[in-house]
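K.L.:
The following block contains a protein sequence and its predicted model.
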Amino acid sequence: MLRRYKGFVGTTDNGATVELIDSHAHIDFPQFAEDRDAVLERARAAGVTTLLAIGSGPGPEKLDAAIPFAEQHDWIYATVGTHPHEAKELTPAHLEQLATLARHPRVIAYGEIGLDYFYDHSPRDVQQRVFREQMELAATAKLPLVIHCRDAWADCLDMLEKTWKPTGLGGILHCFTSTLEDAQRGLDMGFLISFAGNSTYPKTQNLRDVAKALPLEKLLIETDSPFLAPQGYRGKRNEPAYVGEVAKAIASVRNLAADDVAVATAENFRRFFKLAVPAVGRTGVRLGNSSL
Ligand SMILES: [Zn+2]
Ligand SMILES: [Zn+2]
């Protein structure tokens, strides 16, 4: 039943195997301190073949938070960047450190950076300045962005159109929560749109409607672990092994099998970042269907 996507290399025969890529997880966070190895093993067992470890960590006090994981595991890649929550802590010295870390060979994107007007942990003018400064660093390093945006879509997209679009480097709009029109503005700048566990909740049909309307080849899936556990695990700690639940939610509105969404989003990620198909690939996992 598995559709064969252009460019797909792997075992698709009778749909027996599938792969998942978690495009956004905070595996360095203290919520994983007790059982991190087991968490990563469960991800592999669930069919996760590639994971993007987000390096914003606790803030500027630890700018290389994700890099050790990418050095230790060939299936994990890293980002660097300071989250808008901690923008007010970022000094010029930190920016210099980030410029160096951005050149690390396992760092494939810059983020998560952006604007968060929901929590306003840093003043908005400081968030905007730090967002702009980090866009400049990413442009110098020729890295695409991982964008965090909450309740700030107008400002965030305006700033990206002004400062980032001319670079042509694009990126990921992570944990997308806005409208189809805003998603389209992202696509026009070369961004992929990533959906997280909140797209599985009964009350977020608006997000699934966006996921239904966008071109399949522009979608990614993510956990944002340890946050936003999908329906069924809600209230618990999220972990990369659950990323298939997001594939199920998207599949349910697109009349596809969840495996199809898993394969397509994995291909999208690899195509965008120009990554090779992993040597140890699909694990015989089947996702089944959503209960939505
Ligand atoms: Zn975020
Ligand atoms: Zn995040």
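P.N.:
Ah, there it is. Numbering: from 1, shown residues only. Ligands and ions are numbered 1, 2, ... in the order given.
K.L.:
neighbours of the closest residue to Gly168 other than its chain neighbours, just the number please.
P.N.:
Spatial nearest neighbour of Gly168, excluding adjacent residues (CB to CB, 6 or more residues apart in numbering): Gly190 at 6.4 Å. C-betas here are computed from N, CA, C, even on glycine. Look at Gly190: counted by other CB atoms under 10 Å, it has 16 neighbours.
K.L.:
do the same with Lys236
P.N.:
11.
K.L.:
who touches the closest residue to it other than its chain neighbours in this structure?
P.N.:
Excluding the flanking residues, the one nearest Lys236 by CB to CB, 6+ apart is Ala229, at 5.1 Å. Residues near Ala229 by CB atoms under 8 Å, 6 or more residues apart in numbering: 197, 235-238, 242.
K.L.:
can you give me the end-to-end distance of stretch 41-61?
P.N.:
With CA to CA, to the nearest Å as the measure, the first residue of stretch 41-61 is 28 Å from its last.
K.L.:
Would you enumerate the residues in contact with the residue of the stretch 101-250 of the chain found nearest ligand 1?
P.N.:
Taking CB to the ion, ligand 1 has its nearest neighbour within the stretch 101-250 of the chain at His148, 3.5 Å off. Residues in contact with His148, defined by CB under 8 Å, 6+ apart, are 83-84, 111-116, 174-175.
K.L.:
Now the helix or strand where Arg270 lies: buried residues?
P.N.:
Element membership for Arg270 (DSSP states H and E) is helix 258-273. For helix 258-273, the neighbour count (16 or more other CB atoms under 10 Å) marks 258-270, 272-273 as buried.
K.L.:
Next: stretch 234-246.
P.N.:
238-246.
K.L.:
so how far is it from its chain's centroid?
P.N.:
In terms of CA atoms, centre = their mean, to the nearest Å, the centre of stretch 234-246 is found 14 Å from the chain centre.
K.L.:
okay, how far is it across that stretch, tip to tip?
P.N.:
Stretch 234-246 end-to-end distance (CA to CA) = 13 Å.
K.L.:
check whether that stretch contacts ligand 1.
P.N.:
No. With CB under 5 Å from the ion as the criterion, ligand 1 is not reached by stretch 234-246; the gap is at least 12.7 Å.
K.L.:
Can I get the top strand by length along the chain in PDB, CA atoms only?
P.N.:
Using DSSP state E to define each element, the chain has its longest strand at strand 107-116. The C-alpha coordinates for strand 107-116 follow below in PDB (Å, rounded to 0.1, in the frame of the first residue of the first chain):
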ATOM      1  CA  VAL A 107      25.600  21.500  12.800                       C
ATOM      2  CA  ILE A 108      23.100  21.600   9.900                       C
ATOM      3  CA  ALA A 109      20.800  24.400  11.000                       C
ATOM      4  CA  TYR A 110      20.700  27.500  13.100                       C
ATOM      5  CA  GLY A 111      18.000  27.700  15.800                       C
ATOM      6  CA  GLU A 112      15.700  27.700  17.400                       C
ATOM      7  CA  ILE A 113      15.500  31.500  17.100                       C
ATOM      8  CA  GLY A 114      12.600  33.800  16.600                       C
ATOM      9  CA  LEU A 115      10.000  35.600  18.600                       C
ATOM     10  CA  ASP A 116       7.700  34.500  21.500                       C
END
